[in-house]
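Enquirer: Have a look; sequence and predicted model below, questions after that.
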Amino acid sequence: MASVDDIVSRLQGLSLGAKVVKHDPVTSPAAWKDALAAASDAPASYELTKTLVYKPKTAKTATPVPVIAIVREETETSSGSLGKKLNLKELRLANEDLMKEFFGADKDSVSPVSLDATSFPKVLTVLDQSLTTSDSLFAIHAGSNSSTIFLKGSEIASYVLSLQTADNKVQTIDFAALKAEAAAAAPNFSKMFNIVVEDPNAAASGSIDKLFVWQNSWGLSTRTIGVMVMVHGDDKGLVLPPRVATVQVVVVPVGITAKTTDEQRANINNTCQELVDRLAKVGVKARADFREGYTPGWKFNDWELKGVPIRLEIGPNDLEKKQTLSVRRDSGVKNPIALDQLEKEVPALLDNIHNDMYTKAKDLYDSRLKVVSKWEEVVPTLDAKCVVVMPWCEVESCEDDIKERSAKSAEQTDERAPSAGAKSLCIPFDQERW
């Protein structure tokens with residue numbers, strides 16, 4: 001790692017005036033900003049920068065060529081969009097080992113001045129176009145997380161461009177446009193299926209030109225329905241969370257026999273419909289089941305299979321007591337509800353069901369999180385239908401090795417099943433938990 005004096009000397013050799021400010025070590029942009037605000041010799045006005053180092057996906061035996069992107073701190077960056085722009089596959093943020101290997105710095109101290117005549121030819125350097133002509137002051141790390149150099153945007157560009165060679169040029173990219181370019185794929189599906197709207201600008205001039213619509217594509221798909229079925233369902237069928245159920249309450253008339261008079265039957269059915277109407281007025285999606293030829297028991301099973309959160313039963317005895325019997329799908333608990341408390345009790349019961357289902361699912365998930373620190377325990381833990389929480393060095397080759405080794409040693413329960421290994425899911429935000 002170059003010293004601050006070496007860095008200043010390099011800058012002065014290019015006639016670039018550099019102001020250096022010493023401060024407490026920092027490990028985040030917010031801490032960096034606070035440290036500079038506390039420094040009495042820092043300029044009154046400046047912007048922070050960020051230097052991002054990415055590693056493109058390559059063959060295991062290939063030498064990686066890191067991508068170093070120099071942008072304003074406030075600029076939104078997308079590794080996918082940048083990779084597409086540079087025609088590189090699967091850019092990932094580089095790990096600490098790679099940064100130290102190429103720049104002799106960690107993520108909290110790497111900056112444009114980490115580049116020199118030795119490291120520049122080994123990387124692909126990308127510079128935010130908005131910096132190249134800016135006369136505003138920008139803060140960059142001076143080879144460590146406790147020293148900051150202030151340079152104009154144009155001076156940062158001058159330093160980086162001075163390192164160019166005939167074989168290795170700086171890529172200047174408009175990151176603001178890059179963000180829009182990432183969404184440029186939005187009309188692709190509309191072009192495929194010819195989904196168009198009238199061009200409002202063309203309509204003003206009297207023409208009838210069409211525009212392909214712009215659409216968003218999200219990873220939240222029908223797979224979430226499968227997850228819901230597997231997490232909450234039971235041997236009786238679906239168990240739907242109230243907030244996604246198309247029918248939240250079903251009202252079933254009961255106690256109707258061959259001896260029931262037409263007047264009694266009409267009174268029970270009318271009361272069922274009245275409950276549906278009253279619930280609809282308070283935002284509850286309810287339905288009455290008046291199907292002929294089916295017993296109440298058959299209807300109970302049918303609606304349980306469909307996962308409706310609450311069943312309300314109304315019969316002659318309920319009318320006399322001015323109540324309805326509620327049955328929860330998730331727990332099977334039965335409780336009478338006074339008819340004059342219907343609009344208050346049913347929404348509250350739906351909220352309770354939602355909370356109980358969420359708590360039950362979360363507790364089950366948490367119970368399946370198993371901390372593992374020995375390789376011998378990884379595959380048995382996965383075979384026990386648990387999620388492994390384990391240390392990871394953030395080295396991609398190590399991740400690939402874990403997947404390969406776990407696939408080889410995993411218990412094969414079905415010869416038709418794919419021999420896929422362990423898949424890394426995420427790095428939890430709450431590290432203190434582990």
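Expert: Nice, thanks for sending it over. Numbering: from 1, shown residues only.

Enquirer: drop to CA atoms for contacts and neighbour counts, all remaining ones
Expert: Fine.

Enquirer: For the residue nearest to Glu198 when sequence neighbours are not counted, the count of nearby residues, please.
Expert: Sequence neighbours aside, Lys210 is the residue nearest to Glu198 in space, at 4.5 Å (criterion: Cα to Cα, 6 or more residues apart in numbering). When neighbours are defined as other Cα atoms under 10 Å, Lys210 has 14 of them.

Enquirer: and what of Gly226?
Expert: 10.

Enquirer: got the buried residues for the helix or strand hosting it?
Expert: Secondary structure assigned from DSSP states H and E places Gly226 in helix 223-232. For helix 223-232, the neighbour count (16 or more other Cα atoms under 10 Å) marks 229, 231-232 as buried.

Enquirer: Format these as JSON lines; extra columns: pLDDT and distance to Pro241.
Expert: JSON lines is the format used below for the buried residues of helix 223-232 (pLDDT from 0 to 100; distance: Cα to Cα, whole Å):
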{"residue": "Val229", "pLDDT": "93", "distance to Pro241": "10"}
{"residue": "Val231", "pLDDT": "93", "distance to Pro241": "11"}
{"residue": "His232", "pLDDT": "96", "distance to Pro241": "8"}
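
Enquirer: Kindly indicate which of those residues lies nearest Leu305.
Expert: Val229 (11.5 Å; Cα to Cα).

Enquirer: need the contact list for the closest one.
Expert: Counting by Cα atoms under 8 Å, 6 or more residues apart in numbering, Val229 makes contact with 238-240.

Enquirer: re earlier: for the residue nearest to Glu198, grab phi and psi.
Expert: Torsion angles at Lys210 (phi, psi; degrees, to the nearest 10) stand at phi -110, psi 150.

Enquirer: Output the contacting helices and strands for the longest strand belonging to the chain.
Expert: Across the chain, the strand with the greatest residue count (assigned by DSSP state E) is strand 47-55. Strand 47-55 is packed against strand 67-72, strand 92-93, strand 137-141, with contacts defined by 3 or more Cα pairs under 8 Å, 6 or more residues apart in numbering; DSSP states H and E.

Enquirer: And those strands: which comes nearest Gly17?
Expert: Closest approach to Gly17 among the helices and strands packed on strand 47-55 (Cα to Cα): strand 137-141, 11.5 Å.

Enquirer: Go ahead and measure how far the closest one is from the middle of the chain.
Expert: 31 Å (Cα atoms, centre = their mean, to the nearest Å).

Enquirer: Give the other helices and strands that it contacts.
Expert: strand 47-55, strand 147-152.

Enquirer: Neighbouring strands - and their directions - for the shortest one?
Expert: Think strand 147-152. Next to strand 147-152 in the sheet, as set by DSSP bridges, lie strand 19-22 (antiparallel), strand 137-141 (antiparallel).

Enquirer: what does that strand contact?
Expert: Contacts for strand 147-152 (Cα under 8 Å, 6+ apart): 4, 17-23, 134-142.

Enquirer: tell me the contacts of Gln305?
Expert: To be clear, residue 305 is Leu; Gln isn't right here. Contacts of Leu305 (Cα under 8 Å, 6+ apart): 236-238.

Enquirer: and if we set it to 10 Å?
Expert: 233-239, 299, 329 (Cα atoms under 10 Å, 6 or more residues apart in numbering).

Enquirer: quick check: mean pLDDT across stretch 167-181?
Expert: In this model, stretch 167-181 carries a mean pLDDT of 73.

Enquirer: Now the element after the lowest-mean-pLDDT helix or strand in the chain, going C-ward?
Expert: Scoring the helices and strands of the chain by mean pLDDT, DSSP states H and E places helix 175-182 at the bottom, with a mean of 54. With elements assigned by DSSP H and E, the helix or strand that comes after helix 175-182 is helix 188-193.
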